[in-house]
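[1] based on what follows, work out the 3D shape:
(one chain, ligands or ions: 1)
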Amino acid sequence: MSLVNLSQAADAKDRVSIFEMGARDGLQNEVAVPTAAKIALIESLADAGLKRIEAGSFVSPKWVPQMADSADVLKQIQRQSGVVYSALTPNVKGFELALDAKASEVAIFGAASQSFSQRNINCSIEESIERFIPLMELAKAHNIPVRGYVSCVLGCPYEGEIAVSEVARVSEILYKMGCYEISLGDTIGIGTPQKARRMLQTVTERVPMDKLALHFHDTYGQALANILACLDLGVRVFDSSVAGLGGCPYAKGASGNLATEDLVYMLHGMGLETGIDLNKLALAGQAISTQLNRNNGSKVATALLAK
Ligand SMILES: CC(C)(COP(=O)([O-])OP(=O)([O-])OC[C@H]1O[C@@H](n2cnc3c(N)ncnc32)[C@H](O)[C@@H]1OP(=O)([O-])[O-])[C@@H](O)C(=O)NCCC(=O)NCCSC(=O)C[C@@](C)(O)CC(=O)[O-]
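    Okay, here's the model as predicted:
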């Protein structure tokens, strides 16, 4: 049996939704990025047609000082109608700050690995769920949609293999708590296509496919192959990061998410619609790469800009 039914995926004239991670997952690892550069990045991403942009995170500035200006970013961006500007919120304090900064929606972030949960948010999986309950109640009261992340779905930097049953269990808890979508994170980018497919299939036994997103880091260069392997299962939401920016401060050595430009190029090539202008996106990625004084992490953008 073939790994992926390419003809089925190629015939699907449907739309894919991309959640842009560059300004949060991308920049949370970069020191001393001026607030103005973050704002310029977010505005240029919206100009390129991205409708879902993670703009920052309201976490402890002692843990992630790089995101300490998230309120300024959210308060100062020129917003476009129809664009969702989201922020990570680990607890009620973070939610209140996000509300004050007028985040359109927030995201809670848990993990399928106890060790990663402890290192990333300083509590066990069970304690994190307890912390999320009052946040979910507040979000409901304020009519703010909440997205949920599950980290380490294809492996953990501290524990290695993670049981897919645990990924499905945590995903179902976040879904039943009221998260409108669960993003499954290969935090350290070690997954390969069959494993990614099997993991997604197992999670769909507990959470409907149209409530799931895939969030693949590209550390081992497998992210695009993993997405291709999962596309024909019906998943239509992917997280990615312009110019491949990023990494997680609590997953040493992990590189950024799959570059959005590379994802868009593949999807458009398969006849799938994203609503994104690839040339504008490539320019946005190049501008922030130049600002950070680093090579552009997107192969597609590098090729397009060399023309
Ligand atoms: C969760 C905590 C806060 C627990 O950290 P803690 O130390 O256990 O929290 P605490 O409640 O004891 O508070 C300690 C101090 O932090 C402050 N504080 C407490 N909460 C907040 C807040 N929301 N905003 C601002 N300040 C806050 C609080 O006020 C206090 O300040 P002090 O009295 O010492 O001056 C901490 O562990 C933390 O901030 N962790 C965030 C780590 C992080 O941001 N990681 C990266 C994002 S996750 C990721 O990248 C993965 C993902 C989502 O992309 C998916 C994937 O790829 O897998």
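[2] hey, where'd the helices end up in the stretch 1-150 of the chain?
    6-11, 35-47, 70-76, 92-100, 114-121, 125-141 (DSSP state H, counting those that start in this stretch).
[3] and the longest one, does that touch the ligand?
    No. Helix 125-141 does not reach the ligand (CB under 6 Å from any ligand atom); its nearest approach is 7.9 Å. (Glycine included, C-beta is placed from N, CA and C.)
[4] how about that helix: buried residues?
    Within helix 125-141, the residues that count as buried by 16 or more other CB atoms under 10 Å are 125, 128-129, 131-132, 135-136, 138-139.
[5] can you redo these as TSV, where the extra columns are pLDDT?
    Shown next, in TSV, are those (pLDDT from 0 to 100):
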residue	pLDDT
Ile125	98
Ser128	98
Ile129	98
Arg131	97
Phe132	98
Leu135	98
Met136	98
Leu138	98
Ala139	98
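[6] and these, which two are the farthest apart?
    Within the buried residues of helix 125-141, Ile125 and Leu138 form the most distant pair, 21.2 Å apart (CB to CB).
[7] quick revisit: among the helices of the stretch 1-150 of the chain, which comes closest to Cys156?
    helix 114-121 (5.1 Å).
[8] is the residue nearest the centre of the chain bridged to anything, and to what?
    Geometric centre of the chain, nearest residue: Asp239, 4.1 Å, by CA atoms, centre = their mean. When assigned by DSSP bridges, Asp239 has beta-bridge partners Phe19, His215.
[9] which residues of the stretch 51-200 of the chain fall in strands?
    Ranges of strands in the stretch 51-200 of the chain, per DSSP state E, counting those that start in this stretch, are 52-57, 84-88, 105-111, 146-151, 181-186.
[10] packing partners for the last one?
    Looking back up the chat, that one is strand 181-186. Contact partners of strand 181-186 among helices and strands, from 3 or more CB pairs under 8 Å, 6 or more residues apart in numbering; DSSP states H and E: strand 146-151, helix 164-177, helix 193-203, strand 212-216, strand 237-240.
[11] ok, 10 Å please
    strand 17-20, strand 105-111, strand 146-151, helix 164-177, helix 193-203, strand 212-216, helix 223-231, strand 237-240 (3 or more CB pairs under 10 Å, 6 or more residues apart in numbering; DSSP states H and E).
[12] then the third one?
    Counting contacts by 3+ CB pairs under 10 Å, 6+ apart, strand 105-111 packs against strand 52-57, strand 84-88, helix 92-100, helix 114-121, helix 125-141, strand 146-151, helix 164-177, strand 181-186.
[13] ok, that strand: who's next to it in the sheet?
    strand 84-88 (parallel), strand 146-151 (parallel).
[14] okay, those strands in JSON lines with distance to Lys211 next?
    Shown next, in JSON lines, are those (distance: least, CB to CB, whole Å):
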{"stretch": "strand 84-88", "distance to Lys211": "16"}
{"stretch": "strand 146-151", "distance to Lys211": "10"}
